Structures are given as C-alpha cells and as structure tokens.
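**Student:** Take this sequence and fold it.
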Amino acid sequence: MNNQIENFINYLLDTETTSEIVFIENIHKNNEFFQLQYLKDWEGMVLRKLQQVHRNGITVTLNNVSSDENFESETLDQDLISSSSEDEEEAEETKNEKSIPNGNAQHSSKTAELCVNIVRQCQRLLRVLYYCQQNYTHFVELYYLSIEQCLKSADDQIVTIVLKQIALHIFESINADSKYQRLIPYLPFHILSSSVPSIHQPILTVIQTLISTNKTETNTGSFLSNNIDILYPNSARFVDVRQEFRDTTSYFIDGDSLLLSIAHHTNINLDLYNGNTLHVIFIIERILLTLFHQSDQCNFTVVFFDCHYNLYRKEKSMLGLVRSCLIGHLSKNVDQYRSMKIKQFSSWLDDDYLKFGQEEKPMFLFHHDMSTFDKENDKLLSKETLENLFCMYRLFSNYHQYVIKCQLYLLNKLTLTETAVKCFQIQFNQKYPLELLNKIVNMLSPKLHMNGVQQPDWSKFEKLSQDISENDIRLFLYLKTIFYFNEENRDQRFVQLFSPLLILHVALLNRLSLTDRHLPSSIPSVTYSPTLAQSIVEFQ
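**Tutor:** Predicted coordinates:
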C-alpha cells in the first residue's frame with residue numbers, strides 16, 4: 001500500500017499531466033487512501049516532499065513518526081541527482097504499474113519528481129492536505145506542520161503560496177465557528193507581526209483583514225471584488241481559438257455580459273439621451289452572425305440569467321428595456337428561422353440549468369468578466385454595481401470550469417473576423433466551494449436567485465399582443481413595462497401618466513404614417529406639467 005499511496009500522491013502533484021479537474025475528481029474518488037491506518041505512509045511521503053521546498057535543506061521531523069521512518073535532509077539538487085539503491089529498486093518495480101488504481105496515468109516516482117515544478121507541487125500538496133484535514137481529523141497536525149515548514153522556505157514564491165493557502169483557509173472557515181476557532185491557534189502570528197518583504201504585504205493585508213473583520217463585511221461585493229483574485233487566482237493567455245469555434249458541436253454565450261460590453265461601446269452613448277439602442281442590437285447581431293459563419297451552423301446557445309440582470313436592472317432603465325428587446329428579437333428569430341438557440345434561466349445555480357448544461361456538454365463558455373470596465377468613472381453603472389458584477393462573473397466562471405466542466409473564453413479584447421477568433425482564455429487554480437458560492441450569489445442577487453420562485457407568466461401578454469397588434473413585439477414590451485412599474489410600487493401618479501403614454505404610442509405606430517409620427521420636442525401651443533415632461537424624456 002505504501003507504493004500505491006506514493007504513486008497516488010505523485011500523480012496528484014504532477015501538474016504537467018494531471019489537470020485541475022482530474023486533480024479534484026481523484027481527491028474525492030480515492031478516499032480509501034485517507035484512512036487512519038495509512039497515516040504513517042502519508043507522513044513519510046509528505047516529509048519527503050517538504051524537504052524539496054527548502055533550498056538549504058532544513059531538517060523536518062514529526063513527533064509521531066518513528067526513527068526508522070524519518071528521512072535525512074536533502075537539498076533539491078541532491079534529491080534529483082542521487083537516490084538510494086532501495087529507491088531505485090522500488091522505482092524499477094513500479095515502472096510499469098499504474099500510478100493510481102483507476103489507471104489515469106503511468107508514472108514512476110522518480111519521473112514524477114523530475115517533471116513537476118516544485119512551487120506548484122507545494123501548492124497542490126497543501127491543497128491535498130487541506131482537503132484531508134477538512135474531512136479526516138487525523139490529518140490536522142500534518143496539515144499545520146506542512147504550513148509551518150513551508151513558511152521557512154527561502155523561496156519567496158513558496159512562501160506566497162503558503163500565505164494564500166492561509167488566507168483561503170480563514171475565508172472559507174469564517175462562516176463556520178467551529179472550524180474557525182480550531183484554526184486560530186495555528187495561525188502564524190509571528191509572521192504576521194514581523195517585518196516581511198513587500199511582495200507578501202498584499203496577502204498579509206488580506207489575512208489581517210479577515211481576522212479583524214466580521215462575517216458580514218467579508219461577504220460584501222466590495223471586499224470580494226478586491227480580494228477574490230488573491231483567494232482564488234486564475235491564469236490568462238491570449239490564444240487563437242478559431243478552430244475551437246469552428247469544430248465544436250456546442251458552446252454557450254452569456255447574453256448579459258455580451259449586452260453590457262456592447263453597451264459600453266464608444267458609439268453607443270447610453271448615458272446621453274438613452275443612446276443608440278438600435279445600434280446595440282445591430283452590433284450584437286453582427287457578432288453572432290460572424291460566429292455563425294465560423295462553422296456555417298448554429299453551434300452556440302445564447303443564455304441569459306436573471307440573477308445577473310438583477311444586479312444592474314435598477315441602475316439604468318434603458319438597459320432593462322434593451323435586454324428585453326434583445327431577448328424578444330432573438331427569440332422571434334429562433335421561432336421563424338431556427339438559426340439561433342436562446343435560453344433564459346433564473347440562475348446558473350438552478351437545477352434546470354445544470355441539467356441543460358449536462359445535456360448540451362458545451363466545450364466552452366464565451367463571456368465578458370467585467371474586469372476591463374473603469375469602476376471609478378463608468379457612466380452607465382455605479383462602482384458598487386460593477387464590483388458586484390465582477391465578483392458574480394468570477395464565481396460564474398469558476399462554476400463553469402469545475403461543475404459544467406468547460407473551458408473559459410473572454411469577450412475582453414476580442415479579435416473577431418470571418419477568418420480569425422482571438423481572445424483570452426482563463427483557468428482557475430482552485431474550485432470555489434459550492435456551499436459558500438450559494439451564499440455569496442444569494443447575497444449579491446437575493447431577489448431572483450431562489451429555487452422554486454414563481455416567475456411572472458408573460459404568455460397572456462404575448463397572446464394579447466398578437467390579438468391587438470398583429471404580433472408586434474413593441475406592445476408586448478410596453479405591457480411588460482407597465483406590469484413592471486406596478487410590481488415595483490413606483491409613484492402612483494407617475495404610473496398613471498406613463499402607462500397611457502405607452503399605449504398611445506402603440507396606437508400611433510399602428511395608425512399613423514412615418515411622416516405623421518414625428519413629434520417636435522417642443523410645441524409652443526401645448527403646455528404640460530413638469531411631471532409629464534419628465535415622463536416623456538424618460539420614455540424617449
């Protein structure tokens with residue numbers, strides 16, 4: 001069993017061949033290796049790995065490890081160059097064995113040590129032990145000993161990895177009193193209080209903030225948007241992915257982030273007299289058409305989530321109307337030509353969406369992560385809204401990588417032509433816990449993110465629109481707007497003035513010619529109240 005555990009650990013730590021998703025799956029799948037009877041084997045393997053993270057060969061010992069199981073201190077270079085004859089015999093015996101019971105890969109112990117980056121190996125080792133101590137109490141001492149020894153490393157990168165692990169542990173435990181209280185005695189306060197290199201200061205600041213801040217403040221959009229990339233970092237690279245867009249059978253496009261990214265286009269100007277709304281629809285259509293031409297078939301689905309819309313719907317009323325218009329326009333195109341697929345869900349945490357994702361098996365998610373918007377000077381959305389959106393889309397991306405199991409491509413800095421698709425691809429280094437993720441999403445978007453909530457039935461409005469206006473989508477949108485105003489309990493006088501104005505506009509569109517529809521902005525012979533004037537401005 002010692003060889004099996006050694007091969008299992010080496011397989012998990014081999015960042016060259018073991019992907020993040022496979023890493024997580026195997027931790028949960030092979031739980032028989034974490035039983036108390038194998039703790040001695042784990043201690044020996046962990047001690048050996050810990051020796052590799054010290055450039056100067058600091059000796060590591062455990063009180064409950066017998067003398068014949070202790071390993072002599074070695075530097076990294078010595079460990080890679082020389083080995084005992086016993087180790088060589090074991091390596092030869094296991095050369096053709098599978099590295100783990102399910103046969104995912106074949107590695108010898110020596111090969112695994114040679115090909116794995118030491119820093120990333122240390123990171124994964126701490127993650128394995130973190131999982132173990134969460135689920136098996138006999139791993140607690142080994143986990144904290146590993147943190148203590150890694151903090152002594154002369155490599156700043158390894159110290160950074162350890163500090164991030166500490167910050168993550170505090171953050172995930174802060175809502176569970178029993179786990180948090182157990183963690184406090186093991187925190188390296190001597191490190192936090194001493195003078196440290198500037199490279200570690202941002203992470204130490206996060207740790208000190210987590211220790212001194214109450215639970216409510218750590219779950220705010222502001223705190224998460226500023227620290228989520230430290231707690232759950234991701235890597236990005238700019239890639240040419242035209243082949244993926246062309247050859248895949250299915251991928252998802254997030255409709256809300258696509259709309260918001262286009263709404264921030266320099267020529268849209270939604271902040272001035274509600275901007276060029278028709279141009280928003282046109283640009284989105286052109287993007288979707290260009291994506292369609294990559295494979296000459298509709299291999300994508302545009303998905304809208306009300307939990308995303310709920311974050312910005314009160315910021316700019318025109319964005320809500322444009323969103324409804326876009327969904328209606330795309331849905332009508334689906335009904336007539338079947339050239340596009342569109343879906344709308346209350347939340348991406350709903351069971352319906354999870355089932356849909358499992359059926360479609362998208363190769364990747366195409367979305368904007370809100371990281372390129374200027375939070376301080378944005379003219380469309382407030383700083384708080386942008387922080388919440390940024391945090392939401394970080395969680396959204398992480399969920400899709402680990403639960404939907406698809407790759408992540410960004411609309412940010414997109415290069416899109418008929419013959420080229422170049423964009424950023426991101427990959428997270430760690431999965432966000434689902435329980436904590438549910439809490440944060442409920443906190444950010446509390447109204448619409450509730451399983452089983454009865455959403456308004458718009459079918460009666462659609463039927464009424466068809467009967468009255470010959471299937472004119474504008475009447476449906478106007479009726480929906482009136483219903484929205486009533487649901488929001490807006491000023492009653494405003495609703496009384498605004499609702500007839502919408503209905504009158506539909507009647508004029510149906511009865512008047514284009515020439516007769518023009519209404520000057522100021523008519524000298526007509527005088528109306530300031531409230532009605534404001535309603536007309538907002539309506540226009």
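
**Student:** how deep is residue 419 tucked in, by neighbour count?
**Tutor:** Residues within reach of residue 419, counting by other CB atoms under 10 Å, total 7. No exception for glycine: its C-beta is placed from N, CA and C like everyone else's.

**Student:** Let me see the ranges of the strands in the stretch 1-150 of the chain.
**Tutor:** When assigned using DSSP state E, counting those that start in this stretch, the stretch 1-150 of the chain turns out to have no strands.

**Student:** Output the below-cut-off pLDDT ranges for it.
**Tutor:** Segments of the stretch 1-150 of the chain classed as low confidence (criterion: pLDDT under 70) are 1, 53-116.

**Student:** That one: helices as residue ranges?
**Tutor:** Using DSSP state H, counting those that start in this stretch, the helices found in the stretch 1-150 of the chain span residues 2-13, 20-29, 39-52, 76-81, 85-93, 109-115, 118-135, 140-150.

**Student:** looking at those, which is closest to residue 295?
**Tutor:** helix 20-29 (25.7 Å; CB to CB).

**Student:** buried sites along the closest one?
**Tutor:** The neighbour-count check on helix 20-29 (16 or more other CB atoms under 10 Å) flags 20, 23, 24, 26, 27 as buried.

**Student:** quick one, it and helix 2-13 angle?
**Tutor:** Going by axes from the mean of the first three to the mean of the last three CA atoms, to 10 degrees, helix 20-29 is angled at 150 degrees with respect to helix 2-13.

**Student:** and the helices of the stretch 1-150 of the chain as CSV, adding distance to residue 368?
**Tutor:** Compiled in CSV, these are given as follows (distance: least, CB to CB, whole Å):
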stretch, distance to residue 368
helix 2-13, 34
helix 20-29, 23
helix 39-52, 40
helix 76-81, 42
helix 85-93, 49
helix 109-115, 36
helix 118-135, 29
helix 140-150, 37
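
**Student:** Of all those helices, which one is nearest residue 233?
**Tutor:** Of the helices of the stretch 1-150 of the chain, the one closest to residue 233 (CB to CB) turns out to be helix 118-135, at 10.2 Å.

**Student:** what helices or strands is the closest one leaning on?
**Tutor:** Under the contact criterion of 3 or more CB pairs under 8 Å, 6 or more residues apart in numbering; DSSP states H and E, helix 118-135 touches helix 2-13, helix 20-29, helix 39-52, helix 140-150, helix 156-173.

**Student:** before we move on, the earlier item: quick one: closest of the helices of the stretch 1-150 of the chain to residue 413.
**Tutor:** Proximity to residue 413, assessed across those by CB to CB, is greatest for helix 20-29 (24.0 Å).

**Student:** outside of the closest one, which residues touch it?
**Tutor:** Helix 20-29 is contacted from outside by 8, 11-12, 18, 100, 102, 104, 124, 128, 131, 401-402, 405, 427-431, using CB atoms under 8 Å, 6 or more residues apart in numbering.

**Student:** Need the CA coordinates for it. CSV is fine.
**Tutor:** Taking C-alpha atoms only, helix 20-29 is exported to CSV below (Å, rounded to 0.1, in the frame of the first residue of the first chain):
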residue,chain,number,x,y,z
GLU,A,20,-7.2,20.7,-12.2
ILE,A,21,-10.5,18.9,-12.8
VAL,A,22,-8.8,15.4,-12.7
PHE,A,23,-6.9,16.5,-9.6
ILE,A,24,-10.2,17.3,-7.8
GLU,A,25,-12.0,14.3,-9.0
ASN,A,26,-9.3,11.9,-7.8
ILE,A,27,-9.1,13.5,-4.4
HIS,A,28,-12.8,12.8,-3.9
LYS,A,29,-12.7,9.4,-5.7
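
**Student:** now the angle from that helix to helix 118-135?
**Tutor:** Computed by the same axes, to 10 degrees, the angle between helix 20-29 and helix 118-135 is 30 degrees.

**Student:** returning to that earlier point: which of the helices of the stretch 1-150 of the chain sits closest to residue 236?
**Tutor:** helix 20-29 (14.7 Å).

**Student:** ok so, going back, can I get the buried part of the contacts of helix 20-29 as one PyMOL selection?
**Tutor:** Restricted to the buried members of these, where burial is judged by 16+ other CB under 10 Å, the PyMOL selection command reads as follows:
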select buried, resi 8+11+12+18+100+124+128+131+401+402+428+430+431
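
**Student:** ok, residue 331 touching residue 342?
**Tutor:** Yes - applying CB atoms under 8 Å as the test, residue 331 and residue 342 come out as touching, 5.8 Å apart.

**Student:** Model confidence for residue 246, exactly?
**Tutor:** If you check residue 246, the pLDDT there is 92.

**Student:** downstream neighbour of the helix or strand it falls within in the secondary structure list?
**Tutor:** When elements are defined using DSSP states H and E, residue 246 is found to belong to helix 242-247. Using DSSP H and E, the helix or strand that directly follows helix 242-247 along the chain is strand 251-254.

**Student:** helices or strands up against the helix or strand that that following strand is followed by?
**Tutor:** Past strand 251-254, further along toward the C-terminus, the next helix or strand under DSSP H and E is helix 255-263. Of the remaining helices and strands, those touching helix 255-263 by 3+ CB pairs under 8 Å, 6+ apart are helix 277-295, strand 300-305, helix 306-312, helix 317-337.

**Student:** 6 Å instead?
**Tutor:** Under the contact criterion of 3 or more CB pairs under 6 Å, 6 or more residues apart in numbering; DSSP states H and E, helix 255-263 touches helix 277-295, strand 300-305.

**Student:** Give me the mean pLDDT for that helix.
**Tutor:** Looking at helix 255-263 alone, the average pLDDT works out to 94.

**Student:** all helices for the stretch 351-500 of the chain, in order.
**Tutor:** 351-360, 383-399, 434-444, 459-469, 473-487, 492-511.

**Student:** If you average pLDDT over each of these, which is lowest?
**Tutor:** Set side by side, those differ in mean pLDDT, and helix 459-469 is lowest with a mean of 55.

**Student:** hang on, the earlier thing: tell me which of the helices and strands packed on helix 255-263 sits nearest to residue 417.
**Tutor:** With CB to CB as the criterion, residue 417 lies closest to helix 277-295 of the helices and strands packed on helix 255-263, at 7.2 Å.

**Student:** contacting residues around residue 327?
**Tutor:** With CB atoms under 6 Å, 6 or more residues apart in numbering as the criterion, no residue contacts residue 327.

**Student:** repeat that with 8 Å
**Tutor:** Contacts were defined as CB under 8 Å, 6+ apart; by that measure residue 327 touches 255, 304, 342, 344.

**Student:** re earlier: okay if I get the helices and strands packed on helix 255-263 as a markdown table plus mean pLDDT?
**Tutor:** Conversion of the helices and strands packed on helix 255-263 to a markdown table gives the following (pLDDT from 0 to 100):
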| stretch | mean pLDDT |
| --- | --- |
| helix 277-295 | 90 |
| strand 300-305 | 95 |
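
**Student:** For residue 204, find the nearest of the helices of the stretch 1-150 of the chain.
**Tutor:** Comparison of the helices of the stretch 1-150 of the chain against residue 204 by CB to CB identifies helix 140-150 as nearest, at 14.6 Å.

**Student:** So which elements touch that closest one?
**Tutor:** Helices and strands touching helix 140-150, as assessed by 3+ CB pairs under 8 Å, 6+ apart, comprise helix 39-52, helix 118-135, helix 156-173.

**Student:** mind putting those in a markdown table, distance to residue 32 included?
**Tutor:** Conversion of the helices and strands packed on helix 140-150 to a markdown table gives the following (distance: least, CB to CB, whole Å):
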| stretch | distance to residue 32 |
| --- | --- |
| helix 39-52 | 13 |
| helix 118-135 | 13 |
| helix 156-173 | 25 |
